[in-house]
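Asker: Just a sequence and a predicted model for now, questions to come.
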Amino acid sequence: MKKIFSLLLILFQPLLSSFTLVGEGVRGKVFQHTQEDGKTIAIKTYHNKQELEEKYGVEDLSNVFAEDGTSFKAVHAYNVSQQLDHPAILKIYAIKNKIEANGQVHTCLEMEYVEGKTLLITEPASQSLDQAVKNALTLINALQYGFTQNLIYIDLWPGNIMFDQEDALKLIDIEDFFSLDLFLDDPQANRQNIHREFLQRVIKALVKILACAPLSEENIHALGELLVAVLVPYGDKIDQPVTSDSAALFMTLLDDLHEVISGLNR
Ligand SMILES: Nc1ncnc2c1ncn2[C@@H]1O[C@H](COP(=O)(O)OP(=O)(O)O)[C@@H](O)[C@H]1O
Ligand SMILES: [Mg+2]
């Protein structure tokens, strides 16, 4: 009997293990899945109406779901991803609505799978200085690339940055890219606060990325210089009315960061 069970387990193992839960966020669950063609992908399943009501008690969900239950966030993520083609920005392959046996709809994104972990749980001093500097520069490059597509990444935090098996950086959660126009043309939005908050997030993330390397006294000094080099002129800029195009301003500031970080492991 025991043998039969083992045999059944072996036979059904591929089915059972074909969807492995690899992460969970506020918006849904992420599974690893190996397709029939052997390619491993990630599938992000967004919470549906019923789950959101149960989990967060949100009642008016007309801004969150279309009438057929499609998640607007997932649609936004998919549309934005079509404008982005950068090695450090997660690729989204497809958007699908999965209808459960009970009739509930789940919107899913099929995405590039990152075998690795987020910056949130990466141990300090676990990467080489070369790699950490490379990752800091990669992040700057990805954000600058976003601006060239008129997109700003608004939820930059360690939970949305992953490192693969080679310790290379990948920005996940593509729905956090928004059109710069949408964001900055909002009459309610305070442009200076947006600038300040964005830069604060970038600097926090860069410092955390650089702390992935064992930092010597010399490097820590360079990090201090980085903060001064960037924040001092930035302070001047935000005290003046912002006349320049926002994307150009972000680019200049990212260039400054780029320059200081490039000098870090020389
Ligand atoms: N493409 C991926 N490959 C591997 N793991 C992923 C991928 N995308 C997300 N994850 C894992 O799932 C978690 C939640 O994903 P995320 O997209 O940030 O969800 P949320 O939108 O809810 O914040 C991440 O912290 C990460 O651990
Ligand atoms: Mg996230």
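Answerer: Structure's in. What do you need? Ligands and ions are numbered 1, 2, ... in the order given.
Asker: And stretch 113-122, end to end?
Answerer: 18 Å (Cα to Cα, to the nearest Å).
Asker: is ligand 1 contacted by it?
Answerer: Yes. Applying Cβ under 6 Å from any ligand atom, one finds stretch 113-122 in contact with ligand 1 at 113-114, 118. Glycine gets a C-beta too; all of them are placed from N, C-alpha and C.
Asker: So which bits of that stretch are buried?
Answerer: 113-114, 118-119, 122 (16 or more other Cβ atoms under 10 Å).
Asker: What of stretch 105-112?
Answerer: Buried residues in stretch 105-112, counting neighbours by 16+ other Cβ under 10 Å, are found at 105-111.
Asker: Averaged pLDDT, it. What do you get?
Answerer: The pLDDT scores in stretch 105-112 average 96.
Asker: What about the buried residues of stretch 105-112, which are in strands?
Answerer: Those of the buried residues of stretch 105-112 mapping onto strands are 105-111, per DSSP state E.
Asker: quick one on the thing from earlier: so which of the buried residues of stretch 113-122 belong to strands?
Answerer: Counting by DSSP E, the buried residues of stretch 113-122 contribute residue 118 to strands.
Asker: Distance to residue 143 added to the residues of stretch 113-122 next to ligand 1, as JSON lines?
Answerer: JSON lines is the format used below for the residues of stretch 113-122 next to ligand 1 (distance: Cβ to Cβ, whole Å):
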{"residue": "113", "distance to residue 143": "23"}
{"residue": "114", "distance to residue 143": "18"}
{"residue": "118", "distance to residue 143": "17"}
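Asker: so which of the residues you listed comes closest to ligand 2?
Answerer: Comparing the residues of stretch 113-122 next to ligand 1 against ligand 2 with Cβ to the ion places residue 118 closest, at 8.4 Å.
Asker: On the strand side of things, show who the closest one bridges to.
Answerer: Following DSSP bridges, residue 118 is listed with bridge partners residue 162.
Asker: Quick one: the strands in this structure, in order.
Answerer: Under the criterion DSSP E, the chain carries strands at the ranges 19-24, 28-34, 40-46, 92-99, 105-112, 116-118, 151-153, 161-164, 169-171, 177-179.
Asker: Columns distance to ligand 2 on top of those, output as CSV?
Answerer: Listed next are these as CSV, based on distance: least, Cβ to the ion, whole Å:
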stretch, distance to ligand 2
strand 19-24, 8
strand 28-34, 9
strand 40-46, 10
strand 92-99, 14
strand 105-112, 13
strand 116-118, 8
strand 151-153, 12
strand 161-164, 10
strand 169-171, 10
strand 177-179, 13
